[in-house]
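Engineer: dropping the sequence and predicted coords here.
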Amino acid sequence: MDALEAIRKRRSVRKYTGEAIPREDLETIVDAGRLAATGGNRQPWDFIVVTDGGMIDQLKVAAGWMDKAGAIIAVVMDPTSRWWIEDGSAAIENILIACTALGYGSCWLEGWTLRHENEFKVFLGVPEELRLLTLIPIGVPAEWPSKEKKPLSEVLHWETYTG
């Protein structure tokens, strides 16, 4: 699947089959995140891949539907970088698109992760000075959502907002 097709197809998938994801695919997905653009090329991130079912059970407090994920990627950021949120967001989007391109479903859980950030950091061994930006559950989709996006004609403006 090419990049534009993956972008068009990408949706937040919250139902998985529970099948394992090959390590090679997980490395490819994380590598896509690693290659994202960053302010000043700081690359202020680390990624923790969780595949152990017991650990996934501990993380699913953020969202119960994660229990059948084949993996969860924790995106850890260095907040001393001026653009850590933007940089992390770029890495996350690359990860989501890579998942789609490889046929996996994924979902960005930033808001739910934030509520449990401190306990997840302890559980995952994340140093205190770093931030856990999000958890990204990944899995073989049990179903693929078909919600439509707004048409381009509703969101595209030329030269000015009213143009």
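Structural biologist: Arrived safely. Numbers count the residues shown, from 1 in each chain.
Engineer: show me the helices in the chain, by range?
Structural biologist: Counting by DSSP state H, the chain has these helices, from start to end: 3-9, 23-34, 53-59, 84-101, 110-115, 117-124, 152-155.
Engineer: what residues are up against the residue nearest to residue 32 when sequence neighbours are not counted?
Structural biologist: In space, and not counting its chain neighbours, residue 32 is closest to residue 98: 3.6 Å by Cβ to Cβ, 6 or more residues apart in numbering. In this view, the C-beta of every residue, glycine as well, is placed from N, C-alpha and C. Listed by Cβ atoms under 8 Å, 6 or more residues apart in numbering, the contact set of residue 98 reads 6, 28-29, 31-33.
Engineer: ditto for residue 17
Structural biologist: 68, 139-142.
Engineer: hmm, who's touching the lowest-mean-pLDDT helix or strand in the chain?
Structural biologist: Least confident helix or strand, the chain: helix 110-115 with a mean of 82, by mean pLDDT, DSSP states H and E. Helix 110-115 is contacted by residues 62-63, 92, 120, 132-135 when judged by Cβ under 8 Å, 6+ apart.
Engineer: looking at the residues you listed, which are in strands?
Structural biologist: Secondary structure assignment by DSSP state E places 132-135 of these in strands.
Engineer: greatest separation within the residues you listed: which pair is it?
Structural biologist: Greatest spacing in the ones in strands among the contacts of helix 110-115, by Cβ to Cβ: 133 and 135 (9.0 Å).
Engineer: shared neighbours, those two?
Structural biologist: Here residue 133 and residue 135 have 75, 113 as joint contacts, going by Cβ under 8 Å, 6+ apart.
Engineer: wait, which of the contacts of residue 98 is closest to residue 88?
Structural biologist: residue 33 (9.1 Å).
Engineer: re the thing from before, go through the ones in strands among the contacts of helix 110-115 and name the one nearest residue 73.
Structural biologist: Within the ones in strands among the contacts of helix 110-115, proximity to residue 73 (Cβ to Cβ) peaks at residue 135, which comes in at 7.3 Å.
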